[in-house]
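Undergrad: Predicted structure and sequence below. I'll ask about it afterward.
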Amino acid sequence: MNINLITCAEVETVEGTEGNFNVFINKAPRYIDPSRCTSCGDCAEVCPVTLPSEFDEGFADRKAIYKKYAQAIPGAFAIQKADKAPCRLACPAGLNVQGYVQMVGQGKYEEALKIIMNDLPLPSVLGRICPHECEKACRRCEVDEPVAIRDLKRLAADQFDPRDVKIDCLPSRQEKVAIIGSGPAGLSAAYHLARKGVLSTIFESAPKAGGMLRVGIPEHRLPSKVLDQDIEVITNLGVEIRTSTPIGPGLTVDDLFSQGYKAVYIAIGAHKGLSLGIPNEDTEGVRQGVDFLREVNLSGKADVGKKVVIIGGGNVAIDVARCAVRLGAEEVSIVYRRTRAEMPAWEEEIHAAEVEGLKITYLSAPQEILVRDGNVAGIRCIRMELGEPDASGRRRPVPIPGSEYDIETDQVIPAIGQRPDLSPVENVTDLSFSRWGTTEADSLTYATGREGIFAGGDVQTGPATAIEAIAAGREAAESIVRYIDGQDMAQGREIVPKENPDYRPIPKNEPVHARAQMPELPAEQRKSNFQEVELGYDDEAGRAEAARCLNCGYCCECFQCVEACGSKEAVSMITHMQQPETLELNVGSVILTPGFEAFDPSKFDSYNYATHPNVITSMEMERFLSASGPTLGHLVRPSDHKEPKKIAWFQCVGSRDMNRCDNPYCSSVCCMYAIKEAVIAKEHAGDDLDCAIFFMDMRTHGKDFERYYENAKTQGVRFVRTRVHSIDSVQGSDDLSVRYITESGELQTEIFDQIVLSVGLQIPPEIVEMANRLGVELTEGNFCKTKTFEPVETSRKGIFIAGAFQGPKDIPQSVVDASAAASSAGEILSSARNTLTKTKAPVPETNVINERPRIGVFVCKCGINIAGVVDVPSVAEYAKTLPYVDYVMDNLYTCSQDTQETMTQIIKEKNLNRVVVAACTPKTHEPLFQETLINAGLNKYLFEMCNIRNQDSWVHKNNPDLATKKAKDLVRMAVSKVALMEPLAEAELDVNQTAMVIGGGIAGMSAAKSLALQGYETHIIEQSGQLGGQALSLFHTVEGDDIQEKLVALTDEIEKDEKIHVHLDTKLTSVDGFVGNFKSTLSSNGKDELLEYGVAVLATGASPLKPSEYSYGKDSRIITSLELDKKFIDKDASLKDLESAVFIQCVGSREPERPYCSRVCCTHSIENALELKRLNPDMNIYILYRDIRTYGEREYLYKQAREEGVIFVRYSVDHKPEVVIEDDGRLFVTVTDHILGCPLKIETGLLTLASAIVPNKVDEVSQFFKVPLNDDGFFVEKHAKLGPSDFATDGVFLCGLAHYPKPIDESVVQGKAAASRAVTLLARKNIHTSGTVAQTNPAICSSCGVCVSICPYSAPSFIDAEARFFPGKAEINPVLCKGCGLCVASCRSGAIRLKGFDNDQILAQIFATAEAV
Amino acid sequence: MSKDIIGSVLVVGGGIAGMQSALDLANSGYYVHLLEKSSSIGGVMSQLDKTFPTNDCAM
């Protein structure tokens, strides 16, 4: 309720200061209304756009309308969109090409036509003759060839009759419009006007409608029947076409206005052929191409000569030529003055002409018609050559002097261009015409100089394409309607093209698929007839062709989802139009948790990740291992889905690497996740699976990680210490070969089935940019810069940080950070606590005790999720027959907001006192329905849910009858149980507003300081006489700051804080009570004091191990790390005189008796080695180690140490270094060098032992608070990942070394985190117990104590032996009880019951199963 | 430090860290705006199979 989730959003800027920021947020549209979405998935079912699922790392598919994964929160779907696809932008009419191509791909031809006909009335025509500029723009050209867009349009119209497509039109209006010309512009204007409710009359001079489509395009390209059908689509809308009705002296434009037409649209085209301008053009036998075509197209015939010469290079010339062939001309040739490359006719037309035997002479121009006996006898031509480019960009043809030649011919047909025949309109007042003979009109509105007259198409542009004319007609229609309505015609119509549009990237390995070939009438069958040449695709070829579309815009806006969603309207035409918005928020603080991205190994050529399918990343491996992954957890390799027998993991890919990438840091988590993947892989595939991990240093420095590593070794996971240089594919198989050098220096080759690259973590550029915008400083590794004592503070006050953006880290560390950041925000905002949070007004509860049950049953259909399998109405009918059921209802979505309101009403109206919901899982939905009960005034425990979806319809899809029967069984069981349910009470307890922190080290002080700053009285209990803990012995922070200085400042703050009460030399001697109400005795120097408090933070710390090996204690030159720090703190002058120093790592750590890594020692020794180098750069320093574990950006120190000459010698735990003090007092350390393989004897003046961190003995505290310790003596947290600072026991928290060894920054973070966790309790002021708790019946309790020992939450205890009633019997504290039922099952006397799961209730349910339906 | 302290916090990023911060703050008396770049929260952790060292399901 108090978390406002804003998805699809990013921070733009943050203004203001700590405590009061104004944040500007860019929110991208989701295109779905999440409040209406029920997550049923019907939309995705119909979405035609399949894309690789990012969630499954591209190994599974999702749709453009999607939910990231089944359990995603919010559960609402989202639509992915990019900018409008380039094909759509290239189309003059802006046709949604991607949309209809996708529909064709689905075989949904009617839907495809609907999309086409939204912009275009002539789908069959344009599917044949459109010049398809869209195909030039198609990004598929970058892969192979463009998608055959036009041919797919035709397929749609071939497969579904456009006349049967329902065209939505607004109601008809009174006003009429006159259109002159029934070509594409006029028809389009009429169509779009009709859709807007304005009917028109088209005046056509020719005997048939269609304009140039009719008279200009021959039958073999556009059958007249096809044109007739498309025109019928328009006339079916009520448009009248008056053919053979020319506009001219008999019927003028002004007459049209007089007849009542409100507007006139001039769309008379360009039908007048241009003459050649050479002698004898008027001779018999010379004919204009357009005139020739008009006659052929209207009458089916025309006179042709024997030898026909056509002049020109456009589509008209080709059309004429191809007609002449069909009409029986013996020889047909085309003369064109430039070359084929410049020819304006389409390539496919030229090709077809050539196939049909036409001769084309290039670089030749006519000079004179040769006449014999008054008839054409020939044509004189001159050869041309190409000169400089002209205005059109084509090279200008220049005659070659003296190259004249004659061609014998009896018919010459010039087809060099057309212009409008303006005679019908030339006398209209206020119309103006250009010098090219076109009508002038506004380029946006198509309005002419005369009010009410519009013009478009060829008459306005000169000869152009049909699609351009159609676009113009649509725009004119818009203008005309606005004109009639008296609106501004131009407003909002300017389209600004987007620079750098954003499209779906072309997939890297997009396979090449050849474009589908258009089937054609064989050339030999084309003569002497006008049969259509192009035959169109069949369904199969068309769908395959459509599948080549790359879906540049992601969502194709086919709006199938809108239809599927239906009345829910979660996705609608309105949501589809959502636009990005900017939000402004006023907040007191900002916490940055932007996360990381996995390193992309594509750029490492040597690993072949980009090219070999069986080289995968660790993230991809996670998906293959996951039961919800692309293979449902079945372990197979990608190339052939074979079960692998050998898998290798390569560590440090994109980490600890300056040469091949810029990530010099250690990513901290990869060693562990690789081991985990190997172990899980073996679990999935069986022990035979060979798993090998190739690594440099094994970094298992987290809690219980070292044990996991050791266990993995015993389970047979191989660990190979080497860095593999390259991966090669094995010829003839999908296997992979790796070559590497073993530790002993041998070259080895191994074949693996599959290789997993353990990729590192990095901060993506967009997060770096965000940090820059916000003014937050970064480290050299692009992580957020923080300081040891302020580990969650960014460089900008009031902005905090958590998670991997602070440095590569694992989940628990991120969770600790997160709580700490919350604490930091709370510290500055505590004065405004509870000022903006919302609480709900309580609804009075109806008393139902002693009432007869009146049960309401609500059966959910869950869209088709349940109703698609289970017969929901029959389940509902059945429920009505069950005892005590008073009311039954079935709902489409029981969980929807409106159903909750209905349910509340019904419960009140029908006076129901028990409710059953048969729907999905109570895990996600029970709280929602219980809330509804509360709103209706019912106790929320008078409720039962049964899962007829996950446990029924989903698993019995193929057996609907049995599924329905099972649903009835489940409902009957729920009804039987709910009838016996009783209202349960939730006790309310006050929370004592005081906190107690045990331990005054860094972690404890950090927790106390944070609690106090957040307004809570806090007591620190410290055993010793001084605050500071282990930090008192530490020298410098990683950044080189003086720890003692910082410590003094912190101690000072603590001691001065009025809210903090420090109890030094004090021990806890007793703890009573429970969360919110603890009582303890504090003993100090023999004096006892009682302290009452609500929460406790355990920060009991740890100490350095006193080594028992390496001659420690026998010589003052042999010291521990902390003792060396002491020397630095004391500025020991002898240090700089040392000639050599040796450090031995893992002293007492990672040993059988202490099988954990102490985490801090590697970094600590390296820091100290560097400090010694600072004191004396000539000192020889040796660090003897097992694995260097400088995780995260601590790696830089390791690198620096190597650069400064610190020598690192690895030893194995089986061959530990030996320390010898010779008789002359000289100190030697001998170690077997892992590279040379021979012993190295080092004389040293100082031997520092990096000794283990051992937890302080806290058995007593552990028992007091009933919190467990692990085998190593560290506290066991509530959850290793998600509850690292909590205990399973409520009200008790932990931090610092008592949890696990950690450096100062992590101790500070966890101290603050523990405070945050504690504040979540304190802030509530009171707590509610659950109603579902166990209760003892002391009368039959046998005091055996099993319940006391078995309860994980310490809820049962014995009643005091001195008590008046039932002494020594068990009782259960409802505050601590979690309702798990362990005690109930364990009680041998049957003395414990679990409320809400009472025996009679469970048994009633069980007995109900046995009843037959 | 500003004079008018606002009792709400913006958390940028809906992964495990962001969710934990948001929950702690909301339960401590602050109104939280939890911002997420993608369409749902959960971050990388939701993609993981099991988590070490307990082999618990990440989901």
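TA: Ah, there it is.

Undergrad: could you point out where the chain is predicted with low confidence?
TA: Going with chain A. Across chain A, the ranges flagged by pLDDT under 70 are A:1412-1413.

Undergrad: Can you look at chain B instead?
TA: Using pLDDT under 70, the flagged stretches of chain B are B:59.

Undergrad: all strands of it, in order?
TA: Counting by DSSP state E, chain B has strands at residues B:8-12, B:31-35, B:50-51, B:56-57.

Undergrad: Say whether chain A is contacted by the last one.
TA: Yes - judged by Cβ under 8 Å from any Cβ of the partner chain, strand B:56-57 and chain A are in contact via residue B:56. Glycine gets a C-beta too; all of them are placed from N, C-alpha and C.

Undergrad: contact partners of that strand?
TA: Strand B:56-57 is touched from outside by A:1280, A:1281, B:49, B:50, B:51, with contacts defined as Cβ atoms under 8 Å, 6 or more residues apart in numbering or on different chains.

Undergrad: Then the third one?
TA: Under the criterion Cβ under 8 Å, 6+ apart, residues A:625, A:676, A:680, A:811, A:1280, A:1281, B:45, B:56, B:57, B:58 lie in contact with strand B:50-51.

Undergrad: just the contacts of strand B:56-57 now: which is nearest residue A:202?
TA: Using Cβ to Cβ, residue B:49 comes nearest to residue A:202 of the contacts of strand B:56-57, at 66.7 Å.

Undergrad: what's the burial count for the closest one?
TA: 23 (other Cβ atoms under 10 Å in any protein chain shown).

Undergrad: before we move on, what about residue A:1268?
TA: Using other Cβ under 10 Å: residue A:1268 sits among 13 other residues.

Undergrad: which residue packs closest to it, ignoring adjacent ones?
TA: Using Cβ to Cβ, 6 or more residues apart in numbering or on different chains and skipping residues adjacent in sequence, the residue nearest residue A:1268 is residue A:1276, 4.4 Å away.

Undergrad: how about the residues of the stretch 951-1100 of chain A near chain B?
TA: Going by Cβ under 8 Å from any Cβ, the residues of the stretch 951-1100 of chain A near chain B are residue A:1014.

Undergrad: Name the residue of the stretch 951-1100 of chain A that lies nearest to chain B.
TA: residue A:1014 (7.7 Å; Cβ to the nearest Cβ).

Undergrad: Hmm, residue A:1262 and the residue nearest to residue A:1268 touching each other?
TA: No - Residue A:1276 lies out of contact with residue A:1262 (Cβ atoms under 8 Å); the separation is 9.4 Å.

Undergrad: anything in contact with each of those two?
TA: Counting by Cβ under 8 Å, 6+ apart, the residues touching both residue A:1276 and residue A:1262 are A:1268, A:1269.

Undergrad: before we move on, back to that, would you point to the one among the strands of chain B that's packed deepest?
TA: Ranked by mean neighbour count, the strands of chain B are led by strand B:8-12 with a mean of 29 (mean count of other Cβ atoms under 10 Å in any protein chain shown).

Undergrad: Any part of it near chain A?
TA: Yes - on the criterion Cβ under 8 Å from any Cβ, strand B:8-12 is in touch with chain A at B:8, B:9, B:10, B:11, B:12.
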